[in-house]
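Asks: what's the 3D shape of this:
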Amino acid sequence: MGNDRDNNLIEGEIADYLLTDTGILISYSKSILRTVENISANVALVKKITGNKKVPLLIYLKNSPVPDKETRKFSTEQLPQIYTAMAMVSKPGLAQLIMKILFKFQIPPIPMKSFTDDKKAMEWLTQFL
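Replies: Modelled structure (predicted):
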């Protein structure tokens with residue numbers, strides 16, 4: 001993936017980030033409860049990393065507590081503000097569970113797909129650059 005190693009990992013409260021040379025943002029999710037407050041801070045962090053540009057996101061999911069309804073709604077509203085698409089990489093079943101929780105009554109606001117192979121996830125995301 002080129003010179004991605006030259007980029008420093010940017011640490012956040014709910015995830016750490018790496019912006020690749022191709023413009024795909026990689027997120028290493030942390031196992032903490034999401035709240036409106038820490039999602040807001042995370043959106044500001046992502047905008048700072050990307051220069052306020054919407055980018056495709058590759059997220060390595062971790063098990064974390066289920067957020068409350070208000071936080072899930074807020075998170076869903078924020079996704080199209082910062083991302084063009086989202087590829088979720090996890091053990092089988094975890095991404096599907098998160099999709100069911102977040103998007104129980106509506107379709108996702110951006111293209112989303114779950115993967116167990118991060119190379120396939122990267123390939124899928126390139127169409128959204």
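
Asks: so where's the chain uncertain?
Replies: Within the chain, the set of residues satisfying pLDDT under 70 comprises 1-7.

Asks: Just want the most central residue of it.
Replies: Central residue check for the chain by Cα atoms, centre = their mean: the C-alpha nearest the mean position is that of residue 59, 4.6 Å away.

Asks: for the closest residue to it other than its chain neighbours, phi and psi?
Replies: Excluding the flanking residues, the one nearest residue 59 by Cβ to Cβ, 6 or more residues apart in numbering is residue 27, at 4.2 Å. (Each C-beta comes from the backbone N, C-alpha and C, glycine too.) Here is the backbone geometry of residue 27 (degrees, to the nearest 10): phi -120, psi 130.

Asks: wait, what's in contact with residue 27?
Replies: 15-17, 57-60 (Cβ atoms under 8 Å, 6 or more residues apart in numbering).

Asks: circling back: and the helix or strand hosting the residue nearest to the centre of the chain, what does it pack against?
Replies: Taking DSSP states H and E as the criterion, residue 59 maps to strand 55-60. Here strand 55-60 touches strand 25-29, strand 83-89, helix 118-125, going by 3 or more Cβ pairs under 8 Å, 6 or more residues apart in numbering; DSSP states H and E.
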